[in-house]
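Trainee: return atomic coordinates for the entry below.
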Amino acid sequence: MLSILGTIIVGFIVGLIARAVKPGDDKLGLIMTTVLGVAGSLAASYVGSAMGWYAPGAPAGWIASVAGAIVLLVIYGLLKKKA
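Mentor: Residues are numbered from 1 along each chain as shown. This next block holds a predicted model:
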């Protein structure tokens, strides 16, 4: 239970950092910011593992997690623009 809570807190922080770094006004609530951070971290872990940067199952670092969240935020913005 504690690891899930830790993941949510880290995801929220990563999402906030990603939203602060990326220019523009992203109208996301607290839940979507947290989901963005967690998904960015998972994406960074997957890509890092596929590229051989991380061991399988190892978590991504802070910088990679924020970079993954920024990429997902850009993709979200592009998809929202088309709709």
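Trainee: hey, let's count contacts and neighbours off CA atoms from now on
Mentor: Will do.
Trainee: elements contacting the lowest-mean-pLDDT helix or strand in the chain?
Mentor: Within the chain, no helix or strand scores below helix 2-21, which has a mean of 84 by mean pLDDT, DSSP states H and E. Contact analysis of helix 2-21 by 3 or more CA pairs under 8 Å, 6 or more residues apart in numbering; DSSP states H and E lists helix 30-51, helix 62-82 as its packing neighbours.
Trainee: what's next to the shortest one, contact-wise?
Mentor: Contact with helix 62-82 is made by 14-15, 17-19, 21-22, 26, 36-45, as judged by CA atoms under 8 Å, 6 or more residues apart in numbering.
Trainee: in a markdown table: the helices and strands packed on helix 2-21, plus mean pLDDT.
Mentor: Output for the helices and strands packed on helix 2-21, formatted as a markdown table (pLDDT from 0 to 100):
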| stretch | mean pLDDT |
| --- | --- |
| helix 30-51 | 86 |
| helix 62-82 | 87 |
